[in-house]
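# Sequence and predicted structure are below.
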Amino acid sequence: MPQDPTERRVVVTGPPRHPRRAFGYYRPRTEIDEQTTLGHTYVRSLMRSQLRAALAVFAVLVLLVGPLPLVFAATRNRSLEWAVLGFCLYPPLVLLARWYVRRAERNERDLVRLVEDR
Amino acid sequence: MNQNYAVPAVALVVLATVLVGAFGLRVSRTTSDFYVASRTVGPRLNAAAISGEYLSAASFLGIAGLVLVQGPGMLWYPVGYTAGYLVLLLFVAAPLRRSGAYTLPDFAEARLASRQVRRLAGGFVVGVGWLYLLPQLQGAGLTLAVLTGAPEPLGGVLVAVVVVATVAAGGMRSVTFVQAFQYWLKLTALLVPALFLAVSWQGDGAPRAAFAEPPAFRDQRVVRIDDTLDLRLAGPLDVTATGTVDGRRYAGRRVRLSAGVHRIGQGTRLAFERGDRVPAAVAGRGGDDGITAPAASGREERPLYATYGLILATFLGTMGLPHVVVRFYTSPHGVAARRTTVAVLALVGAFYLLPPVYGALGRLYAPELTLTGNADAAVLLLPGRMTGGLGGDLLGALVAGGAFAAFLSTASGLTMAVAGVLTQDVLPSRGVRHFRLGTLLAMAVPLAASVLVGGLPVADAVGLAFAVSASSFCPLLVLGIWWRRLTPPGAAAGMLIGGGSAFAAVAMTMAGHPGSGTPHTLLAWPALWSVPLGFLTMVLVSLATPGRVPPGTAAILARFHLPEDLRAEAEA
C-alpha cells in the first residue's frame, strides 16, 4: 500500500466489467463500507428518504397530468388544450425538478453531517 | 423552396459538425476519453449536449406535422418527451451515475452480477437504438428530397457518413462538443424564423382560425395529391379537379362533391377556393405517415386509451433510451448528474415551445399539407410561404440547416451507444480500433434497412422504441436501483416478457394485424399493459427465486445511493 498519495492515482483505461474488483477500490474504513448493521441502517434510511422525495414529486406529476386528457375530452375546449399542452405544463415540470434536486441534496448533506459527527 | 440557399445551409451544418468534432479529436486520447469524455463534462455543457442529442427529427419536423394534421392532442408528444426527464431525474439520474457503469448492459451486470442479463440488456439496447436510427435516416432523406429533389436515400447516406466519421474519429468527447453546438443551432433555427412568422401573422391581422376545427383555406390553393387517398367531407364542397375523383376522370372541371367519403386518385390536382373547409384525409391512407405518427388509426377508435398509452410510454420510456442513458456517465458525480437533468428539462422545454407555433401556423397557412401526406415538411415550407422573397429563402435555409443538425446529433448519439454495446459485447477484443469497427456496424444495419425497406411505415419506429424501452429498461432501472430483492432471473424474465411483448405488439400493428377494433388499439398502444406486465413479471419472478439475490447487493445499493464525498471520506 503506497504512502505517497500521488502514487495511488491510477488511469482507468477501460470500462470496469467486474463489479467486485471495482468494489475493492474503496477500502473499508467506516461503518458503511464495512457493511455493519449500523452502516446498513444509514444506507437504508437515505434510500427511504430519497425514495419518499421522488415518490412525492411523482405523485404531484401524476395528479397534475393524469386528469388532463379527461378534462380535454369532457370540455372539448381546443384553446385550453393548446395553451396547457403548448406552454403551461413546462414551467411546473422544471419547478418540480428543482424542488426535488434541492430536497435530494439536502437528504445527502444530512447523512454526511450525521456520519462525520459521529 | 429555393435550393440556392438551402443546400449551402445544409453543407455548412455538415462542415461545422465535422470541424467541431475535429476540435474534440485533439483532446481525445485515452479509451476513457473516447467513451465517456473522461467524466469531466460540466452540467451546462453536458445539458446542452443531452438536449442536442435528444431533439431528433421527430421533434424538429414531426411534432409540427402531427399537430398540423391531428390537432393539439398531438402536443402530448413534446410534453411526454420533456416529462420523461423528470421521471428519469426522480428515480434514476444520480444512482445511475454512481453505479459507475458505462452503458445499460454495464449497469445490468454491475447490479445483478450476471452475464446473461447483461447480454439480454445489450440486445435490447441495440434493438431500440436501431429502431430509433431508422426514422432519423429516413427523415434526412425526406428533407433532402423536399429541398433539392434528390433521390430519397441520399440524405440518409449523407447523415450516415458524417456521423460515422465524427463518432469513429473522436468518440464521446467530440460528440459532446458537437451535440452542445447542435442544441443551440436547432434552437436558433426554429426560434428566429418563428419570430418572423409571428410578425407576419400579426401583420395578417392575427387570425385565430388555427384553433378552430376544422381549418379552412385562407386563399385559393391548388393541392396535388401524391398518393391515392380518401377524403371525408362534412358537407358538400365545390372544387376544380384535374385527375381522378371517385374513379371518374376530370380535366379542370368544377365538381360538386357531396358529404361523405371520396377517393382521390394519385396525381390529382384539386383547386380550393378561399374559405373552403379543409377536408379530412381518412386515417391510414395518408396524412399519418409523419415521423412520429404511431398507428394513427388506433387513436380515432379509443382516443383516451391512446392518449394515456402515449403518456405512459414517453414518461417512462425516456430513461431507457440508449443515447440518453450513456450521457449520464459523462457527469463527474451524482450531484452533477441531477443538476444536469434539471438543466436538460429547461432546455428541452424551451425548445418544445416552438414546434406548436409551426403546427398552428401550418394549419392556417399550409392546411393542404394534411392532404399530401407530407405534413412533416411544414416546418421547412412555412418560412417561404409566409414571408416570401429573399428573407423567406434565407429563413427556409436556416430551418433546413437546423433539421440536418437534428438528424446528425440524434444519429451520432445513437450510433455511439449502439457501437459501445457492439464493441464490448459482440466484437472479440476491446480498444479504440474495435470501437471504430463497431461504429461502422452500428450505422450499417439501419442504413441498409432504410435503403431497402424505404416505403415501409417506419414512422411507428419512434413510438415503438419508447414503448419497448418503457416496458423493458424502465422496470430494470427502477427496481434495480430501489429494490433489494431483484434477482437475475426476475430481471431477465421481466425484460423479455415486458419489452418482448411490447415489441411484438407494435411489430404486429406495423405488419397490419389485426385490422381494427379493440385488439388493434390494444396492440397499437401497448405501453398501458406492457409496462405493468414488465414490472409485475420482474417482481413476481424475483420473489419466486429468493435464493438468487446476488450476494453483493447491499454494498452495490450503498454505492448507488451514497454521495461521493462520503465515499472519498471512507477512502482517505
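Received the coordinates, thanks.
# For residue A:96, list the residues it contacts.
Contacts for residue A:96 (C-beta atoms under 8 Å, 6 or more residues apart in numbering or on different chains) come out as A:57, A:60-61, B:86. In short, each C-beta sits where N, CA and C put it, glycine included.
# Filter those residues down to the ones in helices?
Of the positions in those, A:57, A:60-61, B:86 sit in helices, assigned by DSSP state H.
# Where does the prediction get shaky in chain A?
Scanning chain A with the threshold set as pLDDT under 70 gives A:1-38, A:117-118.
# Mind doing that once more with 90?
When residues are selected by pLDDT under 90, those of chain A lie in A:1-46, A:72-87, A:108-118.
# just the strands in it please.
Using DSSP state E, no strands are found in chain A.
# picking that back up, if you rank the contacts of residue A:96 by neighbours, which is first?
Counting neighbours by other C-beta atoms under 10 Å in any protein chain shown, residue B:86 leads the contacts of residue A:96 with 24 neighbours.
# Thought residue A:98 was touching that residue, still the case?
No - with the criterion set as C-beta atoms under 8 Å, residue B:86 and residue A:98 do not qualify as a contacting pair; they are 10.5 Å apart.
# how close does the closest residue in space to residue B:129 that isn't next to it in sequence get to chain A?
On the basis of C-beta to C-beta, 6 or more residues apart in numbering or on different chains, the spatially nearest residue to residue B:129 that is not a chain neighbour turns out to be residue B:418, at 3.9 Å. Applying C-beta to the nearest C-beta, to the nearest Å, the value for residue B:418 to chain A is 16 Å.
# give me the number of residues near residue B:418?
A count of nearby residues for residue B:418, using other C-beta under 10 Å, gives 30.
# Check which helix or strand it maps to.
helix B:389-421 (DSSP states H and E).
# buried sites along that helix?
B:392-421 (16 or more other C-beta atoms under 10 Å in any protein chain shown).
# Show me what secondary structure element comes after it.
Once the chain leaves helix B:389-421, the next helix or strand it forms, by DSSP H and E, is helix B:432-452.
# and that following helix, what does it pack onto?
Packing partners of helix B:432-452 (3 or more C-beta pairs under 8 Å, 6 or more residues apart in numbering or on different chains; DSSP states H and E): helix B:31-36, helix B:115-148, helix B:153-203, helix B:389-421.
# Show me what secondary structure element comes after the helix or strand of chain B with the lowest mean pLDDT.
In chain B, no helix or strand scores lower on mean pLDDT, DSSP states H and E than helix B:296-301, which sits at a mean of 51. If you walk from helix B:296-301 toward the C-terminus, the next helix or strand you reach (DSSP H and E) is helix B:303-317.
# now the ones in helices among the contacts of residue A:96 as TSV including distance to residue B:496?
Formatted as TSV, the entries for these read as follows, by distance: C-beta to C-beta, whole Å:
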residue	distance to residue B:496
A:57	31
A:60	33
A:61	29
B:86	28
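# Show me which pair in those residues is furthest apart.
Of all pairs drawn from the ones in helices among the contacts of residue A:96, the greatest distance, 10.1 Å, lies between A:60 and B:86 (C-beta to C-beta).
# List phi and psi for the residue nearest to residue B:190 when sequence neighbours are not counted.
Ranked by C-beta to C-beta, 6+ apart and with sequence neighbours excluded, the top spatial neighbour of residue B:190 is residue B:354, at 4.3 Å. Listed backbone geometry of residue B:354 is phi -90, psi -50, with angles given as degrees, to the nearest 10.
# Next, residue B:239: secondary structure please.
Secondary structure assignment for residue B:239 (DSSP: H, G, I helix; E, B strand; the rest coil): strand.
# Run a quick neighbour tally on it.
Residues lying near residue B:239 (other C-beta under 10 Å) number 24.
# likewise residue B:15?
Residues lying near residue B:15 (other C-beta under 10 Å) number 12.
# List the contacts of it.
When contacts are counted by C-beta under 8 Å, 6+ apart, residue B:15 touches no other residue.
# Where does it sit, in terms of helix or strand?
Here residue B:15 is covered by helix B:3-26, with elements defined by DSSP H and E.
# Now do the closest residue to residue B:445 other than its chain neighbours, the pLDDT please.
Nearest residue to residue B:445 in three dimensions, chain neighbours excluded: residue B:130, at 5.8 Å (C-beta to C-beta, 6+ apart). Residue B:130 is assigned 87 on the pLDDT scale.
# circling back to that earlier point, the inter-axis angle of the helix holding residue B:418 versus helix B:3-26?
With axes from the mean of the first three to the mean of the last three C-alpha atoms, to 10 degrees defining the directions, helix B:389-421 sits at 40 degrees from helix B:3-26.
# so how far is residue A:108 from residue B:15?
Distance of residue B:15 to residue A:108, given as C-beta to C-beta, to the nearest Å: 45 Å.
# Also residue B:252?
As judged by C-beta to C-beta, residue B:252 and residue A:108 stand 74 Å apart.
# gap between residue B:313 and residue B:533?
Counting by C-beta to C-beta - residue B:313 and residue B:533 are separated by 13 Å.
# Residue B:110 now?
26 Å.
# Then residue B:508?
Applying C-beta to C-beta, the value for residue B:508 to residue B:533 is 16 Å.
# Those two: who's more crowded?
Set side by side, residue B:508 and residue B:533 show more neighbours around residue B:533, with 20 against 16, by other C-beta under 10 Å.
# May I ask you to confirm that that one is in contact with residue B:498?
Yes - at 5.2 Å, residue B:533 and residue B:498 qualify as touching, with contact defined as C-beta under 8 Å.
# joint contacts of those two?
Shared contacts of residue B:533 and residue B:498 (C-beta under 8 Å, 6+ apart): residue B:471.
# List the contacts of residue 47.
Went with chain A since none was named. Taking C-beta under 8 Å, 6+ apart as the test, what residue A:47 contacts is B:482, B:557, B:561.
# was after chain B, sorry
Residues counted as contacts of residue B:47 (C-beta under 8 Å, 6+ apart) are B:340-341, B:343-344, B:347.
# Could you list which of those belong to helices?
Judged by DSSP H, helices contain the following of those: B:340-341, B:343-344, B:347.
# ok, those vs residue B:142, which is closest?
For residue B:142, the closest of these turns out to be residue B:347, at 25.9 Å, with distances computed as C-beta to C-beta.
# Spell out whether stretch B:106-123 and chain A are in contact.
Yes - contact between stretch B:106-123 and chain A is present through B:106, B:109-110, B:113 (criterion: C-beta under 8 Å from any C-beta of the partner chain).
# And the contacts of that stretch?
Defining contact as C-beta under 8 Å, 6+ apart, one finds that stretch B:106-123 is touched by A:15-17, A:19-20, A:22, B:96, B:99-101, B:103-105, B:421, B:424-426, B:473, B:476-477, B:480, B:486-488, B:491-492, B:495-496, B:550-552, B:556.
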